[in-house]
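K.L.:
Generate coordinates for the sequence data below:
(one chain, ligands or ions: 1)
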Amino acid sequence: MSRKKIIAGNWKMNLTPSEAKEFVTNLKSKINTDKCDVVLCVPAIDIPVVLDTVKGTNIEVGAQNMHFEENGAFTGEISARMLTDMGVKYVIIGHSERREYFGETDQTVNKKVLKALNNHIIPIICIGETLQQREEGITVDLVRLQTKIALKGVSREQAKNIVIAYEPIWAIGTGKTATSQQAEEVCKAIREVLGEIYNVDIASKIRIQYGGSVNASNASELFSMPNIDGGLVGGASLKPEFEQVINF
Ligand code: PEP
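P.N.:
Numbers count the residues shown, from 1 in each chain. Okay, here's the model as predicted:
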């Protein structure tokens with residue numbers, strides 16, 4: 001089964017709307033989107049300008065978070081319907097920074113995943129272990145559990161479109177990349193649990209990214225592994241080297 005690679009940039013809390021416009025204008029003239037899908041997950045306030053700047057290209061725009069409720073008294077939050085209405089196609093759910101600083105849990109991740117899918121937004125679901133969990137030898141158990149909880153109530157039909165980002169927390173923003181073997185081992189285990197939850201055919205359609213200090217020099221080796229279908233890229237997605245990651 002050949003899956004089209006998907007490379008998503010996670011800008012985190014960086015770039016103002018005018019900086020975003022300049023960055024994307026430059027990027028879009030340099031990248032080839034034939035061999036992979038490209039998604040820019042930008043701060044909410046940058047979404048309109050980035051959508052406008054990518055018009056006429058295959059680049060998609062994603063959000064970095066959304067609320068799981070339909071609407072209501074949730075000051076500062078953004079709903080799935082708001083994102084769909086703007087033309088946003090993807091949303092990162094459960095990034096480790098959201099889990100660490102904003103109290104997100106596997107349960108809120110599950111609610112957000114269901115809400116995103118019901119609004120035709122593709123969730124990029126982040127899972128991954130801390131360094132301590134890796135040293136304790138529980139990485140695979142943990143990502144299996146995170147995957148199962150995140151996908152509770154997600155139908156087979158919906159599951160085909162999701163993206164899972166395996167992001168070892170110790171590799172995010174640290175410059176310490178997992179080796180391609182370490183990343184492959186966990187992505188393979190995630191595909192196995194997807195096969196158990198759904199079936200092997202559906203598992204073979206779901207794209208699994210690796211994230212954690214991906215850059216121009218390690219992208220092509222990581223993305224050549226059989227179960228790694230691209231990357232979720234933080235720091236390097238804000239630099240000119242992002243074009244080399246995309247053109248890996
Ligand atoms: C991320 O923010 O999801 C990420 C992987 O960051 P970095 O590439 O900077 O490690």
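K.L.:
In stretch 86-97, which residues are buried?
P.N.:
The neighbour-count check on stretch 86-97 (16 or more other C-beta atoms under 10 Å) flags 88-97 as buried. In short, each C-beta sits where N, CA and C put it, glycine included.
K.L.:
wait, which of these is closest to the ligand?
P.N.:
Distance to the ligand across the buried residues of stretch 86-97 (C-beta to the nearest ligand atom) is lowest for residue 95, with 6.0 Å.
K.L.:
so that closest one sits right up against residue 128, yeah?
P.N.:
No: using C-beta atoms under 8 Å, residue 95 is not in contact with residue 128; the gap is 9.8 Å.
K.L.:
which neighbours do the two share?
P.N.:
residue 167 (C-beta atoms under 8 Å, 6 or more residues apart in numbering).
K.L.:
Okay, strands next: where are they in this protein?
P.N.:
Ranges of strands in the chain, per DSSP state E, are 5-10, 36-41, 60-63, 90-93, 122-127, 163-166, 207-211, 230-233.
K.L.:
Briefly note if the first one comes near the ligand.
P.N.:
Yes: applying C-beta under 6 Å from any ligand atom, one finds strand 5-10 in contact with the ligand at residue 10.
K.L.:
got the angle between that strand and strand 207-211?
P.N.:
Using axes from the mean of the first three to the mean of the last three C-alpha atoms, to 10 degrees, the direction of strand 5-10 lies 40 degrees away from that of strand 207-211.
K.L.:
Just give me the neighbour total for the closest residue to the ligand within the chain.
P.N.:
Using C-beta to the nearest ligand atom, the single residue of the chain nearest to the ligand is residue 234, 2.1 Å away. Using other C-beta atoms under 10 Å, residue 234 has 23 neighbouring residues.
K.L.:
and the residue of the chain positioned farthest from its centre, what pLDDT?
P.N.:
Within the chain, the residue lying farthest from the chain centre (C-alpha atoms, centre = their mean) is residue 73, at 27.5 Å. Reported pLDDT at residue 73 in the predicted model: 98.
K.L.:
Can you pull the phi/psi pair for it?
P.N.:
Main-chain torsions, residue 73, degrees, to the nearest 10: phi -80, psi 80.
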